[in-house]
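# what's the 3D shape of this:
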Amino acid sequence: MARPAPRVAPATSATFPDSGPPVAVLSFMFSFMGTTVARIPDTFCLPFPADSRAGISAAPRARAPSSHDAGPVMDETEFWEIVDTTREAAEGDPEEHADLLVERLMRLDPDSVLDFARHFEARYNRAYTWDLWGAAAVLLGGASDDAFDYFRCWLIGQGREIFEGALHEPDALAELLDDFDEDIDGDGEELGYAADEAYEQLTGVVAPDLGITAQSAEPSGTPFDFDDEGVLASRFPRLWERFGND
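Now for the predicted structure:
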């Protein structure tokens, strides 16, 4: 998930001048014709040492994801494995989770980091529903636009079972969550920026556009009044019974 600042395109990759056919190919060609070559002409050699190319960073290849929920390099299983292992190591601290996630992503190549970002953003967009927003309002005691944004990031950070369960039935969070402390839980803002930060540290450039369909202007589903406790209790009876009176 990109930070509010606008993205900039990554630096254009370096190009190399045409230096002619490779030396090994020329040697084979001359030998095949029965000609003994004592020395390959300098004009056929690279114009600079091969090891000097290591200092020239190429921009990432632009690739379209195969679907809205997956990228061409990282599959869904690996995505959730990274989310789960870093969350468990953080022992429930969302900020520590974000720090560990950045560290873990920096052990990957840049293309894989972009795929992680695609998986994350696709799920973040899928969670933009009125019902899930209402569930967040119950858990948090009210949820502004920003609070719901950060709640969705936090929800992804809880792992596949909780995320998919809540997406299918938000009221099921009453059973899916072992506990919920609104002073600690429910705010995963930094998780949403982890892939961007890891990519920038790996490459020195801002992550390119992910090619993910933009979030809809309005949440999916039917809107309702989050300020009406009766409505919340009616729509989310189990969640309200457990967390609504805190």
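
# Run the chain-centre distance for the longest helix along the chain.
Counting residues, the longest helix in the chain under DSSP state H turns out to be helix 110-126. Computed by CA atoms, centre = their mean, to the nearest Å, the chain-centroid distance of helix 110-126 equals 3 Å.

# Packing partners of that helix?
Applying 3 or more CB pairs under 8 Å, 6 or more residues apart in numbering; DSSP states H and E, we find helix 110-126 packed against helix 76-90, helix 145-157, helix 189-203. All C-beta spots, glycine's among them, are computed from the backbone N, C-alpha and C.

# right, so of the ones you listed, which gets closest to P219?
Smallest distance to P219 across the helices and strands packed on helix 110-126 (CB to CB): 8.6 Å, for helix 145-157.

# Tell me how far the residue nearest to L100 when sequence neighbours are not counted lies from E164.
Take L100 and drop its neighbours on the chain: the residue closest to it by CB to CB, 6 or more residues apart in numbering is T86, 4.3 Å away. According to CB to CB, to the nearest Å, T86 and E164 sit 19 Å apart.

# what does the domain assignment say about the protein?
If you go by automatic domain parsing, the domain ranges for the chain are 23-51, 76-244.

# Figure out which of the ones you listed is closest to M1.
Across the domains of the chain, closest to M1 is domain 76-244 (CB to CB), at 3.6 Å.

# what about the closest one, average pLDDT?
Domain 76-244 carries an average pLDDT of 96.

# if we can go back for a sec, surely the residue nearest to L100 meets M106?
No - the pair T86 and M106 fails to qualify as a contact (CB atoms under 8 Å) at a distance of 11.9 Å.

# Who has more neighbours out of these two?
T86 (22 against 15; other CB atoms under 10 Å).

# and the more buried one, what is it in contact with?
T86 is in contact with 97, 100-101, 104, counting by CB atoms under 8 Å, 6 or more residues apart in numbering.

# Among those, which one sits closest to F120?
Nearest to F120 among these is L101, at 9.7 Å by CB to CB.

# Helix, strand or coil: sort out that closest one for me.
Of the three states, L101 takes helix under DSSP: H, G, I helix; E, B strand; the rest coil.

# sorry, back to before: out of the contacts of T86, which is most surrounded?
L101 leads these on contacts (other CB under 10 Å) with 27 neighbours.

# Tell me the spacing between the spatially most central residue of the chain and R123.
In the chain, the residue lying closest to the centroid (CA atoms, centre = their mean) is A117, at 1.5 Å. A117 sits 11 Å away from R123, going by CB to CB.

# Helices of the protein, start to end?
Counting by DSSP H, the helices of the chain are 23-32, 76-90, 94-105, 110-126, 130-140, 145-157, 160-168, 173-176, 189-203, 229-235, 237-239.

# Now distance to G221 too, for these, in TSV please.
As requested, the helices of the chain are exported to TSV (distance: least, CB to CB, whole Å):
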stretch	distance to G221
helix 23-32	63
helix 76-90	24
helix 94-105	26
helix 110-126	12
helix 130-140	4
helix 145-157	13
helix 160-168	11
helix 173-176	16
helix 189-203	22
helix 229-235	11
helix 237-239	16
